[in-house]
Structures are given as C-alpha cells and as structure tokens.
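Enquirer: I'd like to go over a predicted model; first the sequence, then the structure.
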Amino acid sequence: MDMLEELRKLPKAELHLHIEGTLEPELLFSLAKRNNILLPYKNIDEVKDKYLFQDLQSFLDIYYNGTNVLITKQDFYDLTYAYLIKANQDGIRHVEIFFDPQSHVSRGVEFKDVIEGIYDALEEGKKEFGISYFIIMCFLRHLSQENALEVLQMALPYKDKIKAVGLDSSELGHPPSKFTELFNKCRENNFLTVAHAGEEGPASYIWEALNLLQIERIDHGVRCTEDPELLKTIIQKNIPLTVCPLSNVKLKVYQDMKEHNIKKLFDLGVKVTINSDDPAYFGGYLLENYIQCQNELGFTYNDLCDISKNSIEASFLSNSEKIKLINEINNLKQKINI
Ligand code: ADE
Ligand code: ZN
C-alpha cells in the first residue's frame, strides 16, 4: 500500500500548533516588504541557515523576532490561511490553533486585528476545506501573571471566539504555579485550559499543571516518564498528551528521532497524539510527523489509526462530531486490513 496516501486520507486533528510557528520564510519576506520592516537576513537561504537550534530558548528568540512582521488583520489572515492550505493537503479535518497575543499587543498591534484575522481565515477554511476549528489563546510564561491578566481583560470581549487558554514560551524557571490565579480566572470565564509542561521542564511541572491549573490536556508532557506515579496517573485518568516529535528533535529534547519516547508512551497506554508545533521552523507539517514516527519508531498503520483516533477523542469537539470522524477512521482501517 501507498503508506503516505493512506496516512493522508486518515481524518486527523491537530491539537498543538502555534499559528506564529507556521510563518514560512517566503511569507516572512513578503510581509516584511508589505510592512516596510527590515529583516536581519539577506535572503531566504540565510533564514533557513539560522533555523538550527540548541534548545527551546534559542528557537524562541528567532520565533519572536519573526512575529515582528505580523501587524495588520490581513497579515494574521494570510498567515492562518496559508497554514490551512497545508493542513488540507495533509488530511487534517479539525485544528485547535494556539496564538500568542502578548507577542503582538506588546508591539502595539491591536488584539482585535489579531483575533479577527485568525478567525476570518479559519471561517474561510471551514467553508472551503471543511476543516473545523477552535482557537486557544496562550499566555507567555516568561512574562508576569499581571501582564497575562491584562491580556485576559482584552480578550474577554472576544470570548465567544476563544475556546480555551494555554501556557507556552520558556518553560524552565517558570512553573505552572506562577499562573494559578490567572487560570482560576480563565476557568471562571468558562475557558477550557491546557498548558505546555514537561517539554524541557521536569515532571513536577506536569503535576502542577494538572493539580493547580486543572488542565484538560498536557502539551508535550514527554518528561512524564521520569515519575512513575505521574505516568500511572496520566494513564489511569486518560489525560491526553499533545506530542510534537519533529519539534522535540529540533529543540534537542531528544538527540535523534529514534530516541523519542512517543512509541514507549503509546505502548504503555498513554493517550498520545502527534502534532507539528511550529512546522515552518521544525522541518515538517503534520503528515511529515506521522511519516517520521512510522519510519523511525516502528509505528504501524494500525497504530497511526489509533493515534489519529486519539487526536479526535482528545479534541474539544462535541461527542457527535467525534463519533462521525472516528467511524470514518474505523472504516478506512477495516478496508486496509481485509
Ligand atoms: N511557543 C512556540 N512553540 C513553543 C514550544 N515548543 N514550547 C514552548 N513555547 C512555544
Ligand atoms: Zn508548543
């Protein structure tokens, strides 16, 4: 069978995707030109040469720099729509997109332009490609809780467009406990909650995200294997992990894809999903992450059907929407196995 084509056809949800991390060098250059912004690179090849990272922070420095070209509502629309074209090509049927408002409003960009640009593109993508979506607003953990609370106030008029809140940026030294009050406020306002934890940070940060922030899913979470009690809890409570294999290799959480623990987690019964995180920087969109898991870690087609089912089950879709997509996966799986 043509594995690439079969994996493409599988209905998949992408649950860990920073929209600012889909800014391809070509769009970076065209937006810089449109907005009269001077880039620290001469050409596209020079940009790509810079995309070699030692760790999370060395990536974030370049990633935040890239966001400087995003200024108008049209810029956010173009960025999001470009991602949806790729998502459609990869067979993605549902996306839950992160955005980082603090990296934009701190530069004087209006919150309204950010959210409306992203929202309008997602609506267009829904009409054109049938891709359903939710928007997740992430807070930058290297900034203060006070700053996050101010941005939450800006977001409240757009509450109906935002399904959940998350926590991202530099993990080490910024534990989830720093944001307990913020997440309480978010839950009072009916936002669901997720958080990056256990990417570079220790297992204790995952405990804090679960117990203090009361999150629905753990973003990354791969370091949970360092604490047997935590691993047991994650399995028993069926808490999903949004794992990003190519990202973890590029940011040196693992030195090589063959060292990644996602297959081990899967075999232990953890509800793992595969995601692309910041695909313009990490060398591949969602389907490439699936393919590399198959090639380097020995996931079979049936395993990847189960992972795509996990992505649907771990999403914030309604039960009836989940059932429809899961039935589609079951039918495809059955056909292949006859
Ligand atoms: N922001 C964008 N990508 C991120 C990641 N992998 N971890 C933390 N913050 C991020
Ligand atoms: Zn991330």
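Expert: Ah, there it is. Residues are numbered from 1 along each chain as shown. Ligands and ions are numbered 1, 2, ... in the order given.
Enquirer: now Arg93, what's its secondary structure?
Expert: strand (DSSP: H, G, I helix; E, B strand; the rest coil).
Enquirer: pretty sure it sits against Leu10.
Expert: No: with contact defined as C-beta atoms under 8 Å, Arg93 does not reach Leu10; the gap is 9.2 Å. In short, each C-beta sits where N, CA and C put it, glycine included.
Enquirer: what about the residue of the stretch 51-200 of the chain found nearest ligand 1, neighbour count?
Expert: Nearest residue of the stretch 51-200 of the chain to ligand 1: Asp168, at 3.6 Å (C-beta to the nearest ligand atom). Asp168 has 24 neighbours, counted by other C-beta atoms under 10 Å.
Enquirer: who in the stretch 201-338 of the chain is up against ligand 1?
Expert: Proximity of the stretch 201-338 of the chain to ligand 1, by C-beta under 6 Å from any ligand atom, involves residues Ser247, Asp277, Asp278.
Enquirer: just send those residues back as CSV, with neighbour count and secondary structure too.
Expert: Putting these into CSV (neighbours: other C-beta atoms under 10 Å; DSSP: H, G, I helix; E, B strand; the rest coil) gives the following:
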residue, neighbour count, secondary structure
Ser247, 27, helix
Asp277, 29, strand
Asp278, 24, coil
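Enquirer: closest to Arg187 among these?
Expert: Asp277 (25.0 Å; C-beta to C-beta).
Enquirer: that closest one and Leu286, how far apart?
Expert: 10 Å (C-beta to C-beta, to the nearest Å).
Enquirer: and the nearest residue to Tyr285 once chain neighbours are set aside, what's its pLDDT?
Expert: Spatial nearest neighbour of Tyr285, excluding adjacent residues (C-beta to C-beta, 6 or more residues apart in numbering): Pro279 at 4.5 Å. pLDDT, Pro279: 98.
Enquirer: does Pro279 touch Leu287 like I think?
Expert: No: contact criterion C-beta under 8 Å: Pro279 and Leu287 do not qualify, at 10.1 Å.
Enquirer: the more surrounded of these two?
Expert: Counted by other C-beta under 10 Å, Pro279 and Leu287 do not tie: Pro279 has more neighbours, with 27 against 21.
Enquirer: ok, the more buried one - contacts?
Expert: Leu17, Gly21, Thr22, Lys86, Leu246, Tyr285, Leu286, Glu288 (C-beta atoms under 8 Å, 6 or more residues apart in numbering).
Enquirer: okay, helices next: where are they in the stretch 101-250 of the chain?
Expert: Assignment of helices within the stretch 101-250 of the chain using DSSP state H, counting those that start in this stretch yields the ranges 102-105, 111-129, 145-155, 180-188, 203-211, 228-236, 245-250.
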